[in-house]
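Asks: Give the three-dimensional model of this entry:
(4 chains)
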Number of protein chains: 2
Amino acid sequence: MPTEPVQPVMPQRDRRREILEIAAHLFARKGYRGTSMRDIGEEAGVLGGSLYHHIRSKDALFVELHDAALDAAERRIADAVAAQAEPWARLESACETLLDIQLDPRSLTLPMMNDFREVPDPVRRKLIERRDRFETLFRDLVAALPLPAEIDRSIYRNLLLSQLNSAADWYRPGRMTPGDIARQIVMIFRHS
Amino acid sequence: MPTEPVQPVMPQRDRRREILEIAAHLFARKGYRGTSMRDIGEEAGVLGGSLYHHIRSKDALFVELHDAALDAAERRIADAVAAQAEPWARLESACETLLDIQLDPRSLTLPMMNDFREVPDPVRRKLIERRDRFETLFRDLVAALPLPAEIDRSIYRNLLLSQLNSAADWYRPGRMTPGDIARQIVMIFRHS
DNA sequence: CCTACCGATCGGTAGG
DNA sequence: CCTACCGATCGGTAGG
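Replies: Below you'll find the predicted structure:
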């Protein structure tokens, strides 16, 4: 008589998702170069080489994760912004949402958005292309602000985004929430 | 009759300086992990292993370069600030000087200040210690500002520094000088 | 998903 | 400063 497997059989699709999540966390915590395929395998309970049944290459895996993270972030921000009408309130919603994503320790998200320098050239080109598209969201938000004429909106947007993207480098949970930080940012960046 | 060397003999001290400068440029451009000892050797005209006559280890080399860069930056900023009396003018001087350093493509400097994540743990601890000391300079400048009570000065300083440190990620020379950016930053961050 | 391996590259060293 | 090497680790693959 045939013995049943102790572990329930998991559909290949879900197994792949599981591996992607593990990889996202490792990339976010240790960077692209700091994460080896063997590291990912270890957390998934398999050897590094076995991962290639689910993915094509480390590069492709990273690009896929990065793009999916930006897709999700874009959706969340668009939803949050849509609930507001006043330009400053829309900007504050966007900042709070992006900070929420960047500062959530459980997020399998874009803390990897930064150090593009440690990634191979062809990968970097793809990441930058996707990120530029993401940033048009903020270009539109900034365009709607009633800013003094002497403020350059392109600089303004770049400064704002670099703050939001590097907040995870200095933020420590406790005293302030991501929402508090977003309010501080808008307070500073607000000019009428 | 003895032949004279074609290349003039260079004192060991200067040779070491030369190697440090080459290493600084490579680290700044390609990051810690992206720069191998063999890369440094190649630009210096020797094999990677030969560098160990001048340095103890790659880690020690990186820490030395990082600390020397911060020493130099600290001096330049302190000098620039000392020429100003008014708190906002002092902050603007500091921002302009730091941006000058960060955005100068010839600077063998602190573009490496950022991605601490790709560096080994013991190295990171040393870098952070030195950087924290560097940042007290800005803590004092921000403390002197007449800011509205609802603005948190710790957040304010972190936002300001993260902008200055990541400006090299988006800045492209041409339309605006580092001084222009500094003026934009202070315009945005100025509140009376 | 594993075994067993490939070629490449890494930081670093001994000995001259 | 070179030769010649060490052990470790990397991304990836063939074959089952």
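Asks: Need the contact partners of stretch A:173-192.
Replies: By Cβ atoms under 8 Å, 6 or more residues apart in numbering or on different chains, the surrounding residues in contact with stretch A:173-192 are A:88, A:91-92, A:95-96, A:99-100, A:102-105, A:146-148, A:151, A:156, A:160, A:163-164, A:167, A:171, B:148, B:150-152, B:155-156, B:159, B:188-189, B:191. (Each C-beta comes from the backbone N, C-alpha and C, glycine too.)
Asks: Keep only those of those that are in helices.
Replies: Members of those lying in helices (criterion: DSSP state H): A:88, A:91-92, A:95-96, A:99-100, A:102-103, A:156, A:160, A:163-164, A:167, B:155-156, B:159, B:188-189.
Asks: Can you select the buried ones among these for me in ChimeraX?
Replies: To isolate in ChimeraX the members of these that are buried, counting by 16 or more other Cβ atoms under 10 Å in any protein chain shown, one can use:
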select /A:88,91,92,95,96,99,100,102,103,156,160,163,164,167 /B:155,156,159,188,189
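Asks: Give me the buried stretch members for the worst-scoring helix or strand of chain A on mean pLDDT, please.
Replies: Within chain A, no helix or strand scores below helix A:12-30, which has a mean of 90 by mean pLDDT, DSSP states H and E. Neighbour-count burial for helix A:12-30, with 16+ other Cβ under 10 Å as criterion, is recorded at A:I19, A:L20, A:I22, A:A23, A:A24, A:H25, A:L26, A:F27, A:A28.
Asks: biggest helix in chain A, by residue count?
Replies: helix A:58-82.
Asks: buried sites along that helix?
Replies: A:58, A:61-67, A:69-70, A:73, A:77, A:80-81.
Asks: before we move on, what about stretch A:182-192?
Replies: So, applying 16+ other Cβ under 10 Å, buried residues of stretch A:182-192: A:A182, A:R183, A:Q184, A:I185, A:V186, A:M187, A:I188, A:F189, A:H191.
Asks: What pLDDT is listed against the fifth one?
Replies: Meaning A:V186. In this model, A:V186 is scored at 94, pLDDT.
Asks: what residues go with each domain of chain A?
Replies: Listed by automatic domain parsing, the domain ranges of chain A are A:10-55, A:59-189.
Asks: for those, which one sits closest to DNA strand D?
Replies: With Cβ to the nearest atom of the strand as the measure, domain A:10-55 is the member of those nearest DNA strand D (2.5 Å).
Asks: is DNA strand D contacted by the closest one?
Replies: Yes: Domain A:10-55 is in contact with DNA strand D by Cβ under 7 Å from any atom of the strand, via A:T35, A:S36, A:M37, A:R38, A:D39, A:G48, A:G49, A:Y52.
Asks: touching chain B at all, that domain?
Replies: Yes: using Cβ under 8 Å from any Cβ of the partner chain, domain A:10-55 reaches chain B at A:K30, A:G31, A:R33, A:G34.
Asks: So among those, which ones count as buried?
Replies: Here, 16+ other Cβ under 10 Å leaves A:G31, A:R33, A:G34 buried among these.
Asks: Closest to B:R15 out of the residues you listed?
Replies: Nearest to B:R15 among those: A:R33, at 30.3 Å, using Cβ to Cβ.
Asks: ok, now which ones touch that closest one?
Replies: Contacts of A:R33 (Cβ under 8 Å, 6+ apart): A:E118, B:R33, B:G34, B:E118.
Asks: what secondary structure does the third one sit in?
Replies: Under the three-state scheme (DSSP: H, G, I helix; E, B strand; the rest coil), B:G34 adopts coil.
Asks: mind listing what it touches?
Replies: With Cβ under 8 Å, 6+ apart, B:G34 has these contacts: A:R33, A:R117, A:E118.
Asks: Would you check that the last one makes contact with B:V119?
Replies: No: in this structure, A:E118 sits apart from B:V119 without contact. The criterion is Cβ atoms under 8 Å, and the distance is 11.0 Å.
Asks: quick revisit: relative to B:E129, tell me which of the domains of chain A wins on proximity.
Replies: domain A:59-189 (15.1 Å).
Asks: where does chain A come near DNA strand D, residue by residue?
Replies: Counting by Cβ under 7 Å from any atom of the strand, the residues of chain A that sit close to DNA strand D are A:T35, A:S36, A:M37, A:R38, A:D39, A:G48, A:G49, A:Y52, A:S57, A:K58, A:D59.
Asks: which among these end up buried?
Replies: Buried by 16+ other Cβ under 10 Å: A:T35, A:M37, A:D39, A:K58, out of those.
Asks: Now render these as TSV, adding pLDDT and distance to B:L137.
Replies: Output for these, formatted as TSV (pLDDT from 0 to 100; distance: Cβ to Cβ, whole Å):
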residue	pLDDT	distance to B:L137
A:T35	93	35
A:M37	97	42
A:D39	96	38
A:K58	96	40
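Asks: still on that earlier bit, now, among the buried residues of stretch A:182-192, which is nearest to DNA strand C?
Replies: Nearest to DNA strand C among the buried residues of stretch A:182-192, with distances taken as Cβ to the nearest atom of the strand, is A:I185, at 38.0 Å.
Asks: And that closest one, its phi and psi?
Replies: Note on A:I185: its backbone torsions stand at phi -60, psi -50 [degrees, to the nearest 10].
Asks: same thing with the one 5 residues further on?
Replies: In terms of degrees, to the nearest 10, the main-chain angles of A:R190 are phi -80, psi 130.
Asks: Check the gap between it and DNA strand D for me.
Replies: With distances taken as Cβ to the nearest atom of the strand, to the nearest Å, A:R190 is found 44 Å from DNA strand D.
Asks: shaky segments in chain A?
Replies: Counting by pLDDT under 70, chain A contains low-confidence residues at A:1-10, A:108-113, A:192.
Asks: and if we set it to 90?
Replies: For chain A, the stretches with pLDDT under 90 are A:1-14, A:28-31, A:34, A:48, A:104-119, A:168-169, A:174, A:191-192.
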